[in-house]
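K.L.:
Below: sequence and its predicted model.
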Amino acid sequence: MENKRVVKAAMVIVIASTLVRCVSGVNLTVGGATGWDLSSNIRGWAAKTTFHPGDFLVFNYTPLHDVLEVNRTEFAACKTINPIGAYTDGESVVQLNNPGVARYFICGRSDHCSRGLKLRVRVTTTRDSSGRGHHPRQRPRPHTHRHQPPKTRHGDDFKDSPSPKSGSWDSKRDGPLGYMWFIGFLVVAPVILAPVILHPFGSGSWISCHISGDSLSLLLIG
């Protein structure tokens, strides 16, 4: 029961964070580094910028300028009597809420609008942020397959198994049964081979066998 609650809580957190990312906007500084100014290429900046629902337009300007939101006709004529919105604080923030709607901004001071200090924004209908930046795809690195000895488990740690030596006998690897076969061979082999070995020496000869550890000593007595 407790595990199910933890899983449900984790799912709620993931879904909530995804929704927040989808509806949250970003700050778009109008005109780039030079801001809302006659020296800025406002039209060029708008052409390469995508405006999504929830984004914020940030107007940075000096007391020589202001920001007026107007309708399409007033935008084209660079004249307004009753603007939709007026900003004069030098750092104005306007949120873009309605998707698919075009909004118009001009500077109402002197002839600044006719000289290019004007902005038309059309908000997209989706909250897709894939077009905000281009990230080149990295080519995958080639995989190299290297043979490694298998792992043996000792408690909670994994260690590399030593490679067995070819042609050697290991009591730990072969176990008690292998050791018994080895001892049996040492004992039985002299008995089987005795007639062949003793034949040149006559019937009165015999072999004394002595085993010490893994060594075998044969003594010919005749």
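P.N.:
Nice, I can see it.

K.L.:
in this protein, which ranges drop under the pLDDT threshold?
P.N.:
Along the chain, segments meeting pLDDT under 70 span 1-24, 127-222.

K.L.:
domain ranges for it?
P.N.:
Listed by automatic domain parsing, the domain ranges of the chain are 25-127, 171-221.

K.L.:
Which of the helices or strands spans F75?
P.N.:
Using DSSP states H and E, F75 sits within helix 72-77.

K.L.:
same question, E69
P.N.:
Judged by DSSP H and E, E69 forms part of strand 67-70.

K.L.:
Could you list the paired strands of that strand along with their orientation?
P.N.:
Sheet pairing of strand 67-70 (DSSP bridges) gives strand 85-87 (antiparallel), strand 102-106 (antiparallel).

K.L.:
list the buried ones in the next helix-or-strand element following the last one?
P.N.:
Once strand 102-106 ends, the next helix or strand along the chain (criterion: DSSP H and E) is strand 118-122. Within strand 118-122, the residues that qualify as buried are 118-119, 121, counting by 16 or more other CB atoms under 10 Å. Every residue, glycine included, has its C-beta placed from N, CA and C.

K.L.:
quick one: which of these is nearest C78?
P.N.:
Set against C78, the nearest of those by CB to CB is K118 (6.9 Å).

K.L.:
Okay, and the beta partners of the residue lying closest to the closest one once chain neighbours are set aside?
P.N.:
Closest residue to K118 apart from its sequence neighbours, by CB to CB, 6 or more residues apart in numbering: I106 at 4.5 Å. Bridge pairing for I106 (DSSP bridges) gives the partners L68, K118.

K.L.:
what's near enough to touch I106?
P.N.:
68, 70, 74-75, 78, 80, 112-113, 117-119 (CB atoms under 8 Å, 6 or more residues apart in numbering).

K.L.:
hang on, the earlier thing: contact partners of the helix holding F75?
P.N.:
80, 83, 102, 104-106, 118, 120.

K.L.:
export those to JSON lines and tack on distance to G25?
P.N.:
Listed next are the contacts of helix 72-77 as JSON lines, based on distance: CB to CB, whole Å:
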{"residue": "T80", "distance to G25": "27"}
{"residue": "P83", "distance to G25": "23"}
{"residue": "A102", "distance to G25": "18"}
{"residue": "Y104", "distance to G25": "19"}
{"residue": "F105", "distance to G25": "17"}
{"residue": "I106", "distance to G25": "23"}
{"residue": "K118", "distance to G25": "23"}
{"residue": "R120", "distance to G25": "19"}
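
K.L.:
No more questions from me, cheers.
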